[in-house]
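**Q** Predicted model and sequence follow; I will ask about them next.
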Amino acid sequence: MKRLSDYNLPDAIGRLSREETGELCRAIRTELVETVSKTGGHLASNLGVVELTVALFRVFDFPRDRLIWDVGHQSYVYKLLSGRADRFSTLRTFGGLSGFPKRAESPYDAYDSGHSSTSISAAMGMAAARDLAGTDERIVCVIGDGALTGGVAFEGLNNVGSSKTSMTVILNDNNMSISPARGGLSKHLGRLRTNKDYLVFKANLKRTLSKSSAGRSVYNSLERQRDRIRTMLLPRAIFDEFGLKYIGPIDGHDLDELTDTLSRVREMEGPVLVHVITKKGKGYEPAEHNPSLFHGIGPFDPLTGKPVPSGGGESFSSVFGRTLTGLAEKDPTICAVTAAMTEGTGLKPFAQRFPNRFFDAEIAEQHAVSFAAGLALRGFRPCVAVYSTFLQRAYDEILTEVCLQNLPVVFAIDRAGIVGRDGETHHGIFDLSYLLPMPNLTVLAPRDGEELERMLSFAFTQNGPVAIRYPRGSADAVPFDGPRSAAHPLPEPSRNPSRPVPSVQGSGRDAVLFACGAMVRPALEAQRILRARGTDVTVCDPGCLKPLDEAFLRSVTEGAGRIFTLEDNVTSGGFGDAVQTVLVREGKTVRKLGWPDAFIPHGSQTELFSRYGLDGASIAETVLK
């Protein structure tokens, strides 16, 4: 079998025969499995769009025509076909190819994406710009059925239908987002996708007419009228009501049908939506059988599909899911809300144990938070579990729906801080900067799994909103040599929890290091290094970032030579600024260590902490300087 290196891509695509194009698709799938098994990444979604991406290259003139991938995690095939196959082995590594489209990476990438549901709006903007400039390039976007559940996608559909501008929306429908899709839209697409009258009619007609050359000619002629036939046999699509011309459903793995359909669509005027049916994980049996696992996966054995053990103990996500389920056993008012992230946030055990108290809002974070506010107003205790980077989309709802009304909603903020190889669009390094200024909100940051258990127990005793942010990865214990506080020991989860109080290790006056959440471990490492070099420092973990214990801050820094704050957040507006606001009144200077005012590239967490001076050794050097 040919390898991708045997093809002159993308120029060769249009010259390949049907058989050769099939060989190309097989070579692409082989490359995807081999590379992602080493680097990790989004495999199942990319295996599902191989034929679709090849067909797009056969019909459209990229990069002159512009293609936007919604979310962008399914753009690996596009990268392979657009002249980046020789660098594909660097996928998601520091300095290598991004796992998402990046304009700085290639002229073929029209839009930097990473979050869901924005492609239709962005494509409409590009189409409007083309019309104003008087040029004739085609604008195409590919959006999944999961991403279509986001409110921004509906806003775009509503606007583009009324604008009548020429653009193509390709709906990649695999009945999945990360997990199987739910909701009214999914049911509607299911009716379009599986209507037996249309599918049986089409299959029988093709089988009958394909027996002769004259019949094949008739079938090809009828294929050009397929949309009228579909209209007679299928229920009217919601997209027609939005003002888009609906075409489909199309077999997303039939290159001939895809190429023919897209060729006709390319010549159409006005907005068109092409409904393409694909299978997530297509061509790789482990991914076909478990597409959720292979949506975003770490390194794995390509022969068996089994993940390579990553080491470390239970993850923060797992601790959260297990603890929340245990608390809900005792409290029937506790509910869980997520936005299409059941597995990712650790909520699968809760969903299985309490299906009536589990709510998946699909990819609609704003709706999820407002929905939780409604639950809270009627006496329930909702916990909204969401990744930090996606919670940004619900800023207004957190502020005006929950905090303004001082509602007892718990926000479990997963993947806070640097997440690693997914890069700029997925790092959760801004949540402290927008959460800390919100009135009525308590903000907590556990350093390990035990702390998370205790903080979650505490959160459900409060009469107002509580946010708990925790990092991606292992929740292994981060022990302190000394007690938390002689006067205020933190109780066990089974007891009535009081507000978390600070932990202190050491009594050195050369410097004081205030570290929160994921930064406690490197702070303690720096303390050990500094002690070996004759510098004695104190490490403090405040636990509760808002409200800060101001009396404690003043007492622990009394007589300290230098004061540092460490946070897995940008320093602007974060934890360090909050500490500085208190201590500046005492005439004390605070040096803030955290992420700079920039978007941090992709790379391993260990590598990024080292490169940006936030690992233990780098912190120690900063203190000495």
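**A** Perfect, thanks for sending it.
**Q** Do you have the helices of the stretch 51-200 of the chain handy? List them.
**A** 76-79, 119-133, 151-163, 184-194, 196-209 (DSSP state H, counting those that start in this stretch).
**Q** looking at those, which has the lowest confidence?
**A** The stretch with the lowest mean pLDDT among these is helix 184-194, at a mean of 52.
**Q** Next, find the distance separating the closest residue to residue 305 other than its chain neighbours from residue 452.
**A** Leaving aside its chain neighbours, residue 305 sits nearest to residue 286 (2.6 Å; criterion: Cβ to Cβ, 6 or more residues apart in numbering). To be clear about C-beta, it is placed using only N, CA and C from the backbone, and glycine gets the same treatment. When distances are taken as Cβ to Cβ, to the nearest Å, residue 286 and residue 452 turn out to be 32 Å apart.
**Q** what do you get for residue 70?
**A** For residue 70 relative to residue 452 (Cβ to Cβ), the value is 33 Å.
**Q** and the two? which has more neighbours close in?
**A** It is residue 70, of residue 70 and residue 452, that has more neighbours when counted by other Cβ atoms under 10 Å, with 31 against 23.
**Q** Helices of the stretch 351-500 of the chain, start to end?
**A** Chain-ordered helices for the stretch 351-500 of the chain, with DSSP H, counting those that start in this stretch as the definition, fall at 365-377, 388-391, 395-396, 431-435, 449-459.
**Q** tell me the most buried of those?
**A** Compared across the helices of the stretch 351-500 of the chain, helix 388-391 shows the largest average neighbour count, a mean of 26 (mean count of other Cβ atoms under 10 Å).
**Q** From the chain's centroid, how far away is it?
**A** Computed by Cα atoms, centre = their mean, to the nearest Å, the chain-centroid distance of helix 388-391 equals 8 Å.
**Q** what does stretch 578-594 give?
**A** Centre to centre, stretch against its chain (Cα atoms, centre = their mean), the figure for stretch 578-594 is 34 Å.
**Q** repeat for stretch 439-450
**A** Taking Cα atoms, centre = their mean, the mean C-alpha location of stretch 439-450 is offset from the chain mean by 22 Å.
**Q** what about dumping the CA coordinates of it to PDB?
**A** These are the backbone C-alpha positions of stretch 439-450, laid out as PDB (Å, rounded to 0.1, in the frame of the first residue of the first chain):
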ATOM      1  CA  PRO A 439     -19.500  39.800  44.000                       C
ATOM      2  CA  ASN A 440     -21.000  37.100  46.200                       C
ATOM      3  CA  LEU A 441     -18.700  34.400  44.600                       C
ATOM      4  CA  THR A 442     -16.500  32.200  46.700                       C
ATOM      5  CA  VAL A 443     -13.500  30.900  44.800                       C
ATOM      6  CA  LEU A 444     -11.500  27.800  45.900                       C
ATOM      7  CA  ALA A 445      -8.400  26.100  44.500                       C
ATOM      8  CA  PRO A 446      -7.500  22.600  45.800                       C
ATOM      9  CA  ARG A 447      -3.900  21.400  45.600                       C
ATOM     10  CA  ASP A 448      -4.800  17.700  45.500                       C
ATOM     11  CA  GLY A 449      -7.700  15.300  45.500                       C
ATOM     12  CA  GLU A 450      -8.300  15.300  49.200                       C
END
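**Q** Tell me the buried residues in the longest helix along the chain?
**A** Longest helix of the chain, by residue count under DSSP state H: helix 18-39. Buried residues in helix 18-39, counted by 16 or more other Cβ atoms under 10 Å: 21, 24-25, 27-33, 35-37, 39.
**Q** cool, stretch 306-315 as well?
**A** Buried residues in stretch 306-315, counted by 16+ other Cβ under 10 Å: residue 315.
**Q** Between the two ends of it, what distance do you get?
**A** 18 Å (Cα to Cα, to the nearest Å).
**Q** ok, and what's touching it?
**A** Among residues not part of stretch 306-315, those counted as contacts by Cβ atoms under 8 Å, 6 or more residues apart in numbering are 293, 297-301, 346, 449, 472-476.
**Q** so how far is it off the chain centroid?
**A** For stretch 306-315 - counting by Cα atoms, centre = their mean - the centre lies 20 Å from the chain centre.
**Q** Show the average pLDDT along it.
**A** The predicted model assigns stretch 306-315 a mean pLDDT of 85.
**Q** do the same with stretch 469-480
**A** In this model, stretch 469-480 carries a mean pLDDT of 93.
**Q** same question, stretch 334-350
**A** When pLDDT is averaged over stretch 334-350, the result is 95.
**Q** how distant is that stretch from the center of its chain?
**A** Stretch 334-350 sits 14 Å away from the centroid of its parent chain (Cα atoms, centre = their mean).
**Q** Regarding it, how distant is the last residue from the first?
**A** Span of stretch 334-350 from end to end, Cα to Cα: 11 Å.
**Q** Buried residues, it. List them.
**A** Applying a neighbour-count criterion of 16+ other Cβ under 10 Å, the buried positions in stretch 334-350 are 334-348, 350.
**Q** if we can go back for a sec, which two among the contacts of stretch 306-315 are spaced furthest apart?
**A** Maximum pairwise distance among these (Cβ to Cβ): 28.0 Å, between 301 and 449.
**Q** Provide a ChimeraX selection command restricted to the buried entries of the contacts of stretch 306-315.
**A** Here is the ChimeraX command that picks out the buried ones among the contacts of stretch 306-315, judged by 16+ other Cβ under 10 Å:
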select :293,297,300,346,449,472,473,474,475
